[in-house]
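**Q** Based on what follows, work out the 3D shape:
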Amino acid sequence: MKNKRYSIKDIAAALNVSVTTVSFVLNGKAKEKRISDQVAKKIIEYAKSINYKPNLLAQSLRTGRSKIIVVMVEDISNYFFSKVARIIEDIAYEKGYKVLFCSSENDDERSKELINLFRERQVDGYIIVPSPGIESEIQDLVEDDIPVVLFDRYFPDLETNYVIVNNAEAVQHATNRLIENSFKKIAFVTIASEQTQMQDRKNGYKIALEDNNLKEFILEVPFYENNKSKIKALIQNFLNKEDVDALFFATNYLTQIGLEVITESFPDLMNKIGISTFDDNDFFEIYSPSITAVSQPMEKIGQEVMNIMLKMLKDPSGKPITSQKVLSTTLNERDSSTGR
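**A** Prediction:
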């Protein structure tokens, strides 16, 4: 037989106290409401004895709060997103919130379905790495006064909260360092995307080459190309066709695929060609040669995202908060970008 699910009405009836008294005690407000220690103790002990579990759905309908935040990223298995997500989770937990994680795969339809699903569940707020075509869905959340913070990328025409890094400046600086180390034929391997972070990274590369009167070499992998073998073939064909002496990868997963291509098809290049990447991780530090990388301040990103979110959750009925943070990155220079 299925165990009975007890309510606060059942507890109140069993102990001959009011439902309000039980609710105050179980929500930690006994002292505030001047309920005696004896009564509070009796209620708590009885609740434990019957294994009372609060009805969270009813509680959220009553209070208007679910104490749940959704974190939607492109791919939760990606090193950068998983690290930031964990930082967000730790801060949320300390403040009494639980976090639901989901991956959009940068797919608009999947993103829209997830947002609609969580709206039905009445979650308190959304932290989103947006796919390119969900601007109207984000606008709807904002107009409905639902707390939302974007990170990693944003929509230039949408007035909302976001936390990003100085993508263009970071790539320009890293490209200039390659040039200073005598690399003159620098290729940029990126994703064919109009999203702000990818456009800014490409622009940073283009500015550095223009400032130094150098020729551009750009390979853009199709936006929805997820087949690793096809991406490897694109990079291999590019290296066969173009005479370059350095590669700058716009994302860490492109870097890992590119390193496989060089190791398998161009082993003689490994200790000759310059290599830089956007997004650092432990793998790049121990690789041989160690890989120069732009490092994003993951701890700071997570903190800033939650600072904005918690301010909105604290007073959602007050004046709308618009906070747009652009954080600085760090270039970790290693063996792969030195003149060899």
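**Q** Helix or strand next in line after the helix or strand encompassing residue 102, which one?
**A** According to DSSP states H and E, residue 102 maps onto strand 98-103. Next along the chain after strand 98-103, taking DSSP H and E as the criterion, comes helix 108-120.
**Q** Just the residues contacting that next one, thanks.
**A** 70, 72, 100, 102, 104, 126, 128, 130-134, 137, 141, 146 (CB atoms under 8 Å, 6 or more residues apart in numbering). To be clear about C-beta, it is placed using only N, CA and C from the backbone, and glycine gets the same treatment.
**Q** got it, and stretch 6-19?
**A** Contacts for stretch 6-19 (CB under 8 Å, 6+ apart): 21-23, 26, 39, 42-43, 46-47, 50-53, 55.
**Q** Of these, grab the buried ones for ChimeraX.
**A** To isolate the buried ones among those in ChimeraX, judged by 16 or more other CB atoms under 10 Å, type:
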select :21,22,23,26,43,46,47,52
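**Q** Between all of the contacts of stretch 6-19, which two are at the greatest distance?
**A** 39 and 55 (22.4 Å; CB to CB).
**Q** From residue 22, how far off is residue 236?
**A** 69 Å (CB to CB, to the nearest Å).
**Q** just to revisit the earlier point, and which of the contacts of helix 108-120 is nearest to residue 243?
**A** Nearest to residue 243 among the contacts of helix 108-120 is residue 132, at 33.5 Å by CB to CB.
**Q** Quick one: residues contacting that closest one.
**A** 106, 108, 193, 194, 195.
**Q** Residue ranges in this protein under the pLDDT threshold?
**A** For the chain, residues meeting the criterion pLDDT under 70 lie at 1-4, 54-65, 316-320, 339-340.
**Q** what's the distance between the nearest residue to residue 203 once chain neighbours are set aside and residue 20?
**A** Leaving aside its chain neighbours, residue 203 sits nearest to residue 168 (5.0 Å; criterion: CB to CB, 6 or more residues apart in numbering). Separation of residue 168 from residue 20 (CB to CB): 57 Å.
**Q** who has more neighbours, the two?
**A** For residue 168 versus residue 20, neighbours defined as other CB atoms under 10 Å are more numerous around residue 168 (20 against 12).
**Q** unless I'm mixing things up, that one is touching residue 206, no?
**A** No. Taking CB atoms under 8 Å as the definition, residue 168 is not a contact partner of residue 206, at 9.3 Å.
**Q** returning to what we had before: sort out which one of the contacts of helix 108-120 lies nearest residue 326 for me.
**A** Closest to residue 326, out of all of the contacts of helix 108-120 and judged by CB to CB, is residue 130, at 16.7 Å.
**Q** For that closest one, which non-adjacent residue is closest in space?
**A** Computed as CB to CB, 6+ apart, the closest residue to residue 130 that is not its neighbour in sequence is residue 150, at 5.7 Å.
**Q** For the one you found, grab the count of nearby residues.
**A** With other CB under 10 Å as criterion, residue 150 counts 23.
**Q** wait, is it part of a strand?
**A** Yes. Counting by DSSP: H, G, I helix; E, B strand; the rest coil, residue 150 is located in a strand.
**Q** quick one: it and residue 289, what's the gap?
**A** 36 Å.
**Q** same thing with residue 269?
**A** 11 Å.
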